[in-house]
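Asker: What shape does this take:
(one chain, ligands or ions: 1)
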Amino acid sequence: MQIGLLGYGTVGKAFHALSKEQPALTVKTLLTRRPRGTGCRETDSFADIVNDPNIDLVVELIGGIHPAYEYISAALRAKKHVVTANKALICAYYPELVQLAQENGVCLRCTAAAGGGIPWLSSLSRVARMDRITAVEGILNGTTNYILSEMTARNAAYGELLAEAQKLGYAEADPTDDVEGYDARRKLVLSANLAFSALLREQDIPCIGISRMTVADIAWARERGLVWKLIARAERRGDAVSAFVCPTLFPASTPESQTNGSANLVSLYAERIGKQSFSGAGAGGWPTASNVLADCLEIADSSRSFYSDRPAAPLPIDNHGEVKTWLFRSYGRYAVRQETAADAFEAYAAVSEIDSGALLAHLPWGML
Ligand SMILES: NC(=O)c1ccc[n+]([C@@H]2O[C@H](COP(=O)([O-])OP(=O)(O)OC[C@H]3O[C@@H](n4cnc5c(N)ncnc54)[C@H](OP(=O)(O)O)[C@@H]3O)[C@@H](O)[C@H]2O)c1
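Answerer: Residues are numbered from 1 along each chain as shown. Down below sits the predicted model:
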């Protein structure tokens, strides 16, 4: 299979190296803005890739929405398979791109877009073919997990650890997507869409990140044997989905509490097989490129147009229904309340108007 590779950054470079070990795959042309000395044909014009009848597969690793959207759409229309690690793009244009792939009889895969190096989306689609998945949840963002783990281990302040994460390359110069939970929410949308054959919209899902977490919050949890994690969760509820992203407290002995640093831990719950969890490197050149490579090999071996051929339908987000346990912190005072997620997020929004540092957390074990 001949590949047109877009981008030669952290993941693109690692993917190119890995592809050389695979007889079934050849990177024929690289789209790059400057010479890279890769030995394959290098071009700064996407037309050289999309118009090349010998290129069967386009691997998009430039990131961002534009021009990645235009490139991927054009590649699918030209009946070329597409593999991408671009969660922002797939999440924003999921229904359109899946439809485009199906109409053109080509494959679109994005396993590295959620879970980095963990074969999470491909495992999810395998289970969805044989069982009914009822929920997906987990630690899906390595940057926030690194900051929370270090806050817990070292009693250090959020701002100090964010600066450290940026220095170590774990956090972007603009960390908003990570620390406000938007990146985890995109990965949740991709996961839930596959798990439930759904078409969710990221903006419908309430989301609280970790930027308001304080040393006092860490101490409060420690005194009670609890550990903070940023959890993204989606649960099928009839013809709707209950979903949210927010800081969550776990007993110190749980696998979630023991998932430290930039690692991810993500679980699915299905009616017959029960709970399955996957953990590992949620980012990094080699792990992420390995999942990109696995997608390419899968395409070389099979003819599925997307992970699932089941028609997906838009499903509303509905967080009414089940009463859960929540921790509210406002003006330094903590209060535990039992209410639906819809009521808790509404109350949090109201409190935040008068206390911009207020915090809401989920207590899934109903403890305290
Ligand atoms: N890094 C990870 O751990 C990780 C994990 C999971 C998913 N991802 C996803 O993987 C994708 C790539 O991430 P990355 O970390 O490899 O990014 P990166 O290191 O910033 O690399 C991006 C590359 O794309 C090139 N590029 C950008 N726009 C281009 C354009 N218009 N034409 C040609 N080349 C262009 C850049 O070239 P210049 O060098 O010229 O700027 C750079 O070489 C993103 O969608 C990201 O979300 C990354």
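Asker: Just want the residue of the chain that's nearest the ligand.
Answerer: G9 (1.7 Å; CB to the nearest ligand atom). Every residue, glycine included, has its C-beta placed from N, CA and C.
Asker: so how far is G285 from that residue?
Answerer: 8 Å (CB to CB, to the nearest Å).
Asker: between the two, which one's more packed in?
Answerer: Using other CB atoms under 10 Å, the more surrounded residue of G9 and G285 is G285, with 18 against 12.
Asker: give me the low-pLDDT residue ranges for the chain?
Answerer: Along the chain, the parts satisfying pLDDT under 70 run over 303, 367-368.
Asker: where do the helices sit along it?
Answerer: For the chain, helices defined by DSSP state H occupy the ranges 10-19, 47-50, 68-77, 87-104, 120-130, 142-154, 158-167, 176-179, 182-196, 215-223, 285-301, 341-354.
Asker: Just list what the fourth one packs against, helices and strands only.
Answerer: Yep, that's helix 87-104 we're talking about. Contacts defined by 3 or more CB pairs under 8 Å, 6 or more residues apart in numbering; DSSP states H and E place helix 87-104 against helix 68-77, strand 108-109, helix 182-196.
Asker: Run the chain-centre distance for the longest one.
Answerer: Relative to the mean C-alpha coordinate of its chain, helix 182-196 is positioned 6 Å out (CA atoms, centre = their mean, to the nearest Å).
Asker: now the helices and strands packed on helix 87-104 as a markdown table including distance to the ligand and mean neighbour count?
Answerer: Listed next are the helices and strands packed on helix 87-104 as a markdown table, based on distance: least, CB to the nearest ligand atom, whole Å; neighbours: other CB atoms under 10 Å:
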| stretch | distance to the ligand | mean neighbour count |
| --- | --- | --- |
| helix 68-77 | 7 | 20 |
| strand 108-109 | 13 | 28 |
| helix 182-196 | 9 | 27 |
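Asker: With distance to N291 as new columns, can the ones you listed be given to me in TSV?
Answerer: Listed next are the helices and strands packed on helix 87-104 as TSV, based on distance: least, CB to CB, whole Å:
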stretch	distance to N291
helix 68-77	17
strand 108-109	9
helix 182-196	13
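Asker: P35: which of those is closest?
Answerer: Between P35 and these, the shortest gap by CB to CB is with helix 68-77, which sits at 20.2 Å.
Asker: Domain parsing of the protein, as residue ranges.
Answerer: Annotated domains of the chain cover 2-109, 120-281+315-362 [automatic domain parsing].
Asker: Save these as CSV, and put in distance to S302 too.
Answerer: Supplementary listing: the domains of the chain in CSV, determined by distance: least, CB to CB, whole Å:
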stretch, distance to S302
domain 2-109, 8
domain 120-281+315-362, 11
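Asker: out of the ones you listed, nearest to S308?
Answerer: Across the domains of the chain, S308 has its closest neighbour in domain 120-281+315-362 (5.6 Å, CB to CB).
Asker: And that closest one, how far out from the chain middle?
Answerer: Counting by CA atoms, centre = their mean, domain 120-281+315-362 comes out at 12 Å from the chain centroid.
Asker: Can you measure across that domain, start residue to end residue?
Answerer: Length of domain 120-281+315-362, first residue to last, CA to CA, to the nearest Å: 24 Å.
Asker: Point out the residues in this protein that sit beside the ligand.
Answerer: For the chain, the contact set with the ligand under CB under 6 Å from any ligand atom comprises 7-12, 31-34, 61-63, 67, 85-87, 112, 116, 283-284, 288.
Asker: T10: what's its closest spatial neighbour, skipping adjacent residues?
Answerer: Spatial nearest neighbour of T10, excluding adjacent residues (CB to CB, 6 or more residues apart in numbering): G285 at 4.4 Å.
Asker: One more: F196?
Answerer: R236 (5.3 Å).
Asker: Run a quick neighbour tally on the one you found.
Answerer: With other CB under 10 Å as criterion, R236 counts 20.
Asker: The closest residue to A219 other than its chain neighbours: neighbouring residues, count only.
Answerer: Nearest residue to A219 in three dimensions, chain neighbours excluded: N155, at 7.7 Å (CB to CB, 6+ apart). N155 has 11 neighbours, counted by other CB under 10 Å.
Asker: Equivalent analysis for D309, please.
Answerer: The number of residues packed near D309 is 10, by other CB under 10 Å.
Asker: The residue nearest to A219 touches A216, doesn't it?
Answerer: No. Assessed by CB atoms under 8 Å, N155 is found out of contact with A216, at 10.6 Å.
Asker: got any residues that touch both of those two?
Answerer: Applying CB atoms under 8 Å, 6 or more residues apart in numbering, one finds that no residue jointly contacts N155 and A216.
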